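J.: here is a sequence with its predicted model. Questions after.
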Amino acid sequence: MTESPVAYVYDRHATRAIGMLNARMDACTIYMEAKGWRGGGRWLDVGDDALSDDRRPAYDALLRTVHAAGSDVRRVVLVHDWDRLSRDPAACGLLTRRVLTLGAWVETTFGEQRRPDGTLVQRARLNHAPITA
């Protein structure tokens, strides 16, 4: 496992306006490139699926892809911020746990991480440039 991690980018977006979505995706690309991670693809839940905490077809597809990559590959699900999973902390925790059970971790573009061993790394967001649409 000496190769750089493979990053799987996820977002959810409920509105037709795409300015903020594009800005978040750009932030993920910049973060991934700065870390030297390989891209594993992008998944996006839209409309009602983006508002649901129990029906996320794109997220489910992402998890199948992460699983298929195998445990010999370092895998990270990259989101702009925790709200991209859910604004509800309990639902966010459940969605994060689904990644962790695969041996992968979740990371935000703010450098916050939830690792498979349960470790939560949080960093101050002061150094992160704000997103503008």
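T.: Everything's here; your move. Numbers count the residues shown, from 1 in each chain.

J.: send me the longest helix seen in the chain as CSV with only the CA atoms.
T.: Longest helix of the chain, by residue count under DSSP state H: helix 19-35. C-alpha atoms of helix 19-35 as CSV (Å, rounded to 0.1, in the frame of the first residue of the first chain):
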residue,chain,number,x,y,z
GLY,A,19,-22.7,27.9,-8.7
MET,A,20,-22.1,26.6,-5.2
LEU,A,21,-22.0,23.0,-6.3
ASN,A,22,-19.3,23.9,-8.9
ALA,A,23,-17.3,25.8,-6.2
ARG,A,24,-17.4,22.9,-3.8
MET,A,25,-16.3,20.5,-6.6
ASP,A,26,-13.5,22.8,-7.5
ALA,A,27,-12.4,22.9,-3.9
CYS,A,28,-12.4,19.1,-3.8
THR,A,29,-10.3,19.0,-6.9
ILE,A,30,-7.8,21.5,-5.5
TYR,A,31,-7.6,19.7,-2.2
MET,A,32,-7.1,16.3,-3.9
GLU,A,33,-4.4,17.6,-6.1
ALA,A,34,-2.6,19.3,-3.2
LYS,A,35,-2.6,16.0,-1.3
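
J.: and that helix, what's buried?
T.: 21, 24-25, 27-29, 31-32, 35 (16 or more other CB atoms under 10 Å). C-beta: built from backbone N, CA, C; applies to glycine.

J.: so where's the chain shaky on pLDDT?
T.: Within the chain, the stretches with pLDDT under 70 are 1-2, 124-133.

J.: show me where this structure has helices.
T.: So, for the chain - with DSSP H - the helices run 19-35, 47-51, 57-69, 89-100.

J.: distance to residue 77 for those helices - can I get that in TSV?
T.: As requested, those are exported to TSV (distance: least, CB to CB, whole Å):
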stretch	distance to residue 77
helix 19-35	11
helix 47-51	16
helix 57-69	7
helix 89-100	5
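
J.: which one of those helices lies closest to residue 8?
T.: helix 57-69 (5.5 Å; CB to CB).

J.: what residues sit buried inside that closest one?
T.: 58-59, 62-63, 66, 69.
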